[in-house]
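Undergrad: What shape does this take:
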Amino acid sequence: MPATDTSKGYVPRITQLDSVFLNSEAYSLIKSQLLTAVKYTGQTFVTKLEPEIDAALQYILLNYTVGHHKSSIGQQLLQIKYKDSVSFRKLKYYIFVLVIGKWLKERHSLIALTVTKNDSVKNVTGRCVDLLEIGFRIIQSFNLLLFLYKGSYPTILERIFGLRHASADPSSSRAISYTYFTRELLWHGFAELLAFVLPLINLQYFHSTMKKFLPSFSEDKKSSGDNLDMKFDLETTCVVCNRLPVLPHTFGCQHVACYYCVHSSYAANPTFSCSLCGHQIDSKIQIVPAYMPKLGS
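TA: Residues are numbered from 1 along each chain as shown. Below is the predicted model of the structure:
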């Protein structure tokens with residue numbers, strides 16, 4: 001783009017898209033904190049009124065950001081805003097349509113059930129809503145292509161209400177060094193390499209091998225060198241995951257493991273051995289259920 005566009009407050013396409021994603025991430029973060037605060041009071045009430053809670057929370061956020069400062073949370077982080085020519089009344093209408101539209105999408109079945117008890121009417125309403133959503137997504141796809149071509153209005157509602165983005169500080173230039181791009185490319189390349197390599201590593205074998213070198217290995221091996229009876233009480237943990245065993249199984253020594261842990265470890269590594277005493281499983285037949293003795297016996 002020419003330099004004159006930057007001097008007039010030109011906003012790059014990537015910045016506008018990033019602001020949309022940041023808005024959704026910020027809303028998800030605030031909602032998760034809200035759910036964490038009320039998780040001890042029971043989730044039944046929150047689950048029943050989740051669409052209303054979403055609508056109220058979203059309205060509050062948009063009203064105190066876009067409605068008062070002409071910029072959302074994501075836009076403020078990226079130092080952009082809606083143009084000064086956009087009136088606050090238009091922004092109020094934009095917030096109302098955005099919030100009510102999402103609420104109607106979630107509550108259309110309940111509204112149809114409240115208005116009429118006829119199941120056919122409810123089914124027709126559901127199909128109409130589905131068709132409207134499909135049409136909206138198609139229009140949204142065309143709007144994205146048009147946005148990539150012209151560089152304005154990343155969402156449909158912004159195009160309908162004529163909400164154009166502008167730089168909050170036109171005098172500041174958006175400069176990103178090549179060092180930043182190089183670092184990002186290297187990091188993404190390393191992440192892709194890990195995503196390709198990690199599934200090829202036998203983590204169960206690596207875990208069991210590393211546990212053999214723990215300091216407790218020699219002591220446990222001395223104490224369990226003889227053929228001792230299985231030790232299984234309320235404080236017994238799985239030799240693989242170190243948690244309370246789920247469907248505990250034994251495999252020839254005095255230690256136990258979860259059903260999934262021992263079977264997955266043996267399937268991944270036929271030479272799997274107990275990480276505490278070094279006992280090796282010779283055959284899958286050795287893996288049998290373990291039973292907890294009765295208390296007081």
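Undergrad: Next up, identify which helix or strand residue 110 is on.
TA: helix 88-115 (DSSP states H and E).
Undergrad: Now do the buried residues in that helix.
TA: 91, 94-95, 98-99, 103, 108, 112 (16 or more other Cβ atoms under 10 Å). Just so you know, the C-beta spots here come from the backbone N, C-alpha and C atoms, and that holds for glycine as well.
Undergrad: following it, which helix or strand shows up next?
TA: That would be, after helix 88-115 and using DSSP H and E, helix 119-150.
Undergrad: Show me what the very next helix or strand once past that following helix is packed against.
TA: Using DSSP H and E, the helix or strand that directly follows helix 119-150 along the chain is helix 156-161. Where contact means 3 or more Cβ pairs under 8 Å, 6 or more residues apart in numbering; DSSP states H and E, helix 156-161 is packed against helix 88-115, helix 119-150.
Undergrad: nearest to residue 254, of the ones you listed?
TA: helix 88-115 (55.6 Å; Cβ to Cβ).
Undergrad: Let me know the angle separating that closest one from helix 119-150.
TA: Interaxial angle of helix 88-115 relative to helix 119-150 (axes from the mean of the first three to the mean of the last three Cα atoms, to 10 degrees): 150 degrees.
Undergrad: any idea of the mean pLDDT in helix 88-115?
TA: The average pLDDT within helix 88-115 is 85.
Undergrad: my read: residue 274 touches residue 255, true?
TA: Yes - under the criterion of Cβ atoms under 8 Å, residue 274 lies in contact with residue 255, with a separation of 5.4 Å.
Undergrad: anything in contact with each of those two?
TA: Jointly contacting residue 274 and residue 255 under the rule Cβ atoms under 8 Å, 6 or more residues apart in numbering are residue 239.
Undergrad: can you list the domains in the protein?
TA: Annotated domains of the chain cover 3-169, 203-289 [automatic domain parsing].
Undergrad: any idea which of these scores lowest on pLDDT?
TA: Among the domains of the chain, domain 203-289 carries the lowest mean pLDDT (a mean of 72).
Undergrad: My read is that residue 163 contacts residue 95, right?
TA: No - with contact defined as Cβ under 8 Å, residue 163 does not reach residue 95; the gap is 10.9 Å.
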